[in-house]
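# Would you be able to build a 3D model of this:
(2 chains)
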Amino acid sequence: MPLSIATWNINSVRLRAGLVEKLLTEHEPDILCLQEIKCMNDQFPAKVFNKLGYVYQAVHGQKGYHGVATVSKRPLSEINSVDYVSMGDTRHIATCFTAGGKMINLHNFYVPAGGDEPDPVRNPKFDHKLKFVDEMKALQSIDKSRPSILVGDLNIAPYENDVWSHKQLLKIVSHTPVETEGLLDVLNRGDWRDLIRQHIPMEEKVYTWWSYRARDWAESDRGRRLDHIWSAPELAERLQSIDILREARGWEKASDHVPVIARFDLD
DNA sequence: ATGACGGATCTAATCCGA
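Okay, here's the model as predicted:
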C-alpha cells in the first residue's frame, strides 16, 4: 500500500471521535495528524484509534486548548515536541517513520491564530504568531540526511486564490502580507514543496476552512486555505494525489476545517 | 456584511477560535 498522510484540525477530538472514525474507515490513511485536540494526554481517546489499527500514537495535549496528535499504523519513533516561542503551548509534535526503505521526519503543527488585529504592538496574539512563524524558518526539508514532511493548521492562506477575496482579506489576520511573506519565507528557506499547490493550479481557488458563522457555508463559500502539507523535493516527486475532503465540512457536527490527504508512490 | 457559531470550562458566563 502506498504511503498516505492526512492532516485535520479536529476542533476537539473527544467531541468528534466519531467523525475521526469515519475518516479513518473511509480513507484509511497510514498516518493522521490532528490539531486542536483540546484535551490532556490522558483524556485522548486512544481506544478509538487502537481499534482501527492506529496503535502508534504521539500525543501532545493540554487542558482545553490547542494540542496536537499524530496517530499511525506504521511505527513512530523519535517523538519530540518543540516549544516554539517558549509559551508552554502544545502546538508541535515531531515523529519519524519508515517508508520506501527510508526514514522520514514528520512535523505536525498548529500555528497560533493570531487574534483579530494585525498589529503586533497592540495585539500580543499577532506578535506571538509572527514570532512563531519566524522560528519555523530554521526548519529544513532535509534534516539528519532524511527527507521531511510538514503538515498542519498553519493558520495562514499564502496565495491570492487561497482566500475567497484577496482584496477584502488583505487586512484580515491569516492573509496579511507580513504573514503570507513570512510563511513563504519558511517554505523557501527550508526548500519545501507545497503539495496542494503542486497539484492544483495557482489560478484555482482552494479552501480547507470555512467559518462556523456563515449562514450557509457552502452557499457563501467564503473559505481560506489554512491547512497545508509540505514535503522535501524528493518526496514531492513521488506525490500521487492530494485530496481536500470538502464534503467533511457538511458532516453532522463538523469541524470548521476539513481533512487533507496526500498519497505518495512509496511503500 | 464574512458573520454571529461553537468548543471547553470551576455549569454560567467567559475566553477563544480565524
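
# can you tell me the helix or strand for residue A:152?
strand A:146-153 (DSSP states H and E).

# Buried residues, that strand. List them.
Judged by neighbour count using 16 or more other Cβ atoms under 10 Å, the buried positions of strand A:146-153 are A:147-153. In short, each C-beta sits where N, CA and C put it, glycine included.

# same thing with stretch A:121-130?
Within stretch A:121-130, the residues scored as buried using 16+ other Cβ under 10 Å are A:123, A:126-130.

# how far out from the middle of the chain is stretch A:228-235?
13 Å (Cα atoms, centre = their mean, to the nearest Å).

# start to end distance for it?
15 Å (Cα to Cα, to the nearest Å).

# Give me the contacts around that stretch.
Contacts with stretch A:228-235, where a contact means Cβ atoms under 8 Å, 6 or more residues apart in numbering, come from A:5, A:7, A:104, A:141-142, A:147-152, A:154, A:187, A:191-196, A:239, A:242, A:260, A:262, A:264, A:266.

# do the same with stretch A:242-253
A:15-16, A:19, A:22-23, A:27, A:195-196, A:198-200, A:206-208, A:210, A:217-218, A:229, A:254-256, A:258-263.

# so which of those residues are also by DNA strand B?
A:15, A:256 (Cβ under 7 Å from any atom of the strand).

# Any of the contacts of stretch A:242-253 buried? List them.
Buried subset of those (neighbour count, 16+ other Cβ under 10 Å): A:16, A:19, A:23, A:27, A:195-196, A:199-200, A:206-208, A:210, A:217, A:229, A:254-256, A:258-263.

# Restricted to strands, list these.
A:210, A:229, A:260-263 (DSSP state E).

# and the buried residues of stretch A:121-130, which of them are in helices?
Among these, DSSP state H puts A:126-130 in helices.

# Among those, find me the one that's closest to residue A:90.
Taking Cβ to Cβ as the measure, residue A:90 lies nearest residue A:128 of those, at 14.2 Å.

# Tell me if I'm right that the closest one and residue A:113 touch.
No: assessed by Cβ atoms under 8 Å, residue A:128 is found out of contact with residue A:113, at 9.6 Å.

# if we can go back for a sec, go through the ones in helices among the buried residues of stretch A:121-130 and say which is closest to residue A:33.
Using Cβ to Cβ, residue A:129 is the member of these that sits closest to residue A:33, with 19.9 Å.

# Give the full set of residues in contact with that closest one.
Applying Cβ under 8 Å, 6+ apart to residue A:129 gives the contacts A:111-115, A:155, A:173, A:179.

# can you check residue A:75 too?
Residue A:75 makes contact with A:56, A:97-98 under the criterion Cβ under 8 Å, 6+ apart.

# how about stretch A:48-56 against DNA strand B, any contact?
No: on the criterion Cβ under 7 Å from any atom of the strand, stretch A:48-56 is out of touch with DNA strand B, staying 14.2 Å away.
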